[in-house]
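In: One predicted model, sequence on top.
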Amino acid sequence: MHNFQPTDKVKICKYIESGVRFFYNGITCCCVNTFQSPIIITAEEMKNGNVTYELVVQRRKELFEKVNGLRDGDTGSCLHCNLLMEREYKDINFEYLGGHGYVSGFNIQHLTLCNLRCSYCYFTKVNNFKPAIYNNITEFINLFKEKGKLIGGNWIEFNGGEPTLLENFDEILDYLIKNNCGTVCLFTNSLKYSQSVFNALKENKICLITSIDAGTPSTYKKMKKVDGYIKVLDNLIRYKSSGTKTSLFALKYIICEENMNDDDLYGFVFAMLLIRPSHVYICPDFPYGDREIPYESVEFGAKMWLLLEKYGKGSTIVYIQSDDMKGDPKFAKFSNDIRLKYKELKDKMDYDEELYNIVKINESLSNNAELYNVINSYENKLNNIQNNINKLAWWIPIRKWRDNFRNKMLNRNKE
């Protein structure tokens, strides 16, 4: 390795130092959506059990040298990423795994197998749906744990493919939770119900993100090639019934040409007001290659954002997911444009929140109904007490004594 001086300025990224992404064809340092580092450990090396702690550290250093022009080889998207920065060499350390809450810095996505065929998905476009080549995820993490180099506090994205289709899904999920690796954020399409997911939600051990992408069964089927819209909503309602207090139970809408219409817009908005997830994610279609994000997506997303606030402000948090992907300039632009469009629409739309916020209206009606039920309950109890007192009074032989008894017991004594 090149002999750097401690104060030498070098190009580096937090992901190259300590990140990991278990991908279907090997291990990379990250995946910031359409941007990713090159493979540093191949799937075959993982499958054959040839990976050591020292090898991982060495491959990270080699990528670092490539990024700084000191070695030939693939640098993936690193040289074009907004997250690449200059730091002094003395502040760099390749020996740890994790220790940060960075998005896409700890990612498990080593299968492309899925029970849907989403039109926007890269794996659908190239017809590449395969089971995992390697399954020794926990063994890799243990390489760092055994040396005291595994640091918790990570934001762990567990996705795919569809992760719940993994044969050892429960094992991986249980390991991540029991070893306090960090916050597990499960990306599942929720077409398959999982009891282990329900249990983890009930214990507030995981977060969940499901991309619904439609407000009607017909659009869902058209986009995903499966008639599963109602089943997905049913499973999400079951997961919500766990009573989870997790910080993130998010439902998502990826804006595509097929779902940019009013039927799906309003259908999705009112489904969200029914389920009431903690967050609603708004995301543009993925601009692979030379594609740009169309401005129609900005307009549609801004309108969805505004409707969610008009009819349900305070019931869910609207989150622009491109904010997580600002390493890609296209997503950074979408994040900026949708905020400008949202402000423009909000300035034009004049409405009284008290008249249209259906969530608050229902809560108010529910509170009134509860109060009525409480009052009614006490009235019934009072009637029962009066009936019992009258029954007891009939055992008193003299009428005057009976009347005195009733008056005292029912607090009718005017004196």
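Out: Received, thanks. Numbering: from 1, shown residues only.
In: List the residues that contact the nearest residue to A43 once chain neighbours are set aside.
Out: In this structure, A43 finds its nearest non-sequential neighbour in I133, 4.2 Å apart by C-beta to C-beta, 6 or more residues apart in numbering. C-beta: built from backbone N, CA, C; applies to glycine. Listed by C-beta atoms under 8 Å, 6 or more residues apart in numbering, the contact set of I133 reads 24-25, 43-44, 46-47, 110.
In: Restricted to buried residues, select those in PyMOL.
Out: Selecting only the buried entries of these in PyMOL, with 16 or more other C-beta atoms under 10 Å as the criterion:
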select buried, resi 24+43+46+110
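In: Using CSV, lay out the contacts of I133 together with secondary structure, distance to I389 and pLDDT.
Out: Below are the contacts of I133 laid out as CSV (DSSP: H, G, I helix; E, B strand; the rest coil; distance: C-beta to C-beta, whole Å; pLDDT from 0 to 100):
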residue, secondary structure, distance to I389, pLDDT
Y24, coil, 77, 91
N25, coil, 82, 92
A43, helix, 82, 96
E44, helix, 86, 95
M46, helix, 80, 96
K47, helix, 82, 95
H110, coil, 74, 94
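In: and which of the contacts of I133 is nearest to E86?
Out: N25 (30.7 Å; C-beta to C-beta).
In: ok, the closest one to H110 distance?
Out: 9 Å (C-beta to C-beta, to the nearest Å).
In: Overlap in contacts, these two.
Out: In contact with both N25 and H110: 43, 133, using C-beta under 8 Å, 6+ apart.
In: which SS state does the residue nearest to A43 fall under?
Out: When classified by DSSP: H, G, I helix; E, B strand; the rest coil, I133 comes out as coil.
In: I'd like the distance between it and K245.
Out: I133 is 37 Å from K245, by C-beta to C-beta.
In: check contacts around S297.
Out: Contacts of S297 by C-beta under 8 Å, 6+ apart are 255, 260, 284-285, 334.
In: Now do stretch 318-328: distance to the chain's middle.
Out: 13 Å (C-alpha atoms, centre = their mean, to the nearest Å).
In: now do stretch 351-364
Out: The mean C-alpha position of stretch 351-364 is separated from the chain mean by 27 Å, C-alpha atoms, centre = their mean.
In: That stretch spans what distance, first to last residue?
Out: 19 Å (C-alpha to C-alpha, to the nearest Å).
In: Can you list the buried residues in that stretch?
Out: Applying 16+ other C-beta under 10 Å to stretch 351-364 flags 357, 359-360 as buried.
In: Now, these that are in helices?
Out: 359-360 (DSSP state H).
In: count of residues packed around D328?
Out: Using other C-beta atoms under 10 Å, D328 has 21 other residues around it.
In: Residues contacting stretch 78-96, please?
Out: With C-beta under 8 Å, 6+ apart, stretch 78-96 has contacts from 4-18, 32, 35, 37-38, 57, 60-61, 63-64, 67, 144, 149-151, 326-329, 332.
In: Just the CA atoms of that stretch, as PDB, please.
Out: The C-alpha trace of stretch 78-96 is given here as PDB (Å, rounded to 0.1, in the frame of the first residue of the first chain):
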ATOM      1  CA  CYS A  78     -17.500   6.100  -6.200                       C
ATOM      2  CA  LEU A  79     -15.800   8.800  -8.300                       C
ATOM      3  CA  HIS A  80     -19.200  10.400  -9.200                       C
ATOM      4  CA  CYS A  81     -20.800  10.200  -5.800                       C
ATOM      5  CA  ASN A  82     -21.600  13.300  -3.800                       C
ATOM      6  CA  LEU A  83     -20.600  11.500  -0.600                       C
ATOM      7  CA  LEU A  84     -16.900  11.200  -1.600                       C
ATOM      8  CA  MET A  85     -14.900  13.700   0.400                       C
ATOM      9  CA  GLU A  86     -11.400  14.800   1.300                       C
ATOM     10  CA  ARG A  87      -9.900  14.000   4.700                       C
ATOM     11  CA  GLU A  88      -6.600  13.600   6.300                       C
ATOM     12  CA  TYR A  89      -5.100  10.100   6.100                       C
ATOM     13  CA  LYS A  90      -4.600   9.800   9.800                       C
ATOM     14  CA  ASP A  91      -8.400  10.000  10.400                       C
ATOM     15  CA  ILE A  92      -9.100   6.900   8.200                       C
ATOM     16  CA  ASN A  93      -9.700   3.400   9.600                       C
ATOM     17  CA  PHE A  94     -10.700   0.300   7.600                       C
ATOM     18  CA  GLU A  95     -10.800  -2.100  10.600                       C
ATOM     19  CA  TYR A  96     -14.400  -1.800  11.800                       C
END
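In: Quick one: mean pLDDT over that stretch.
Out: What stretch 78-96 shows for mean pLDDT is 92.
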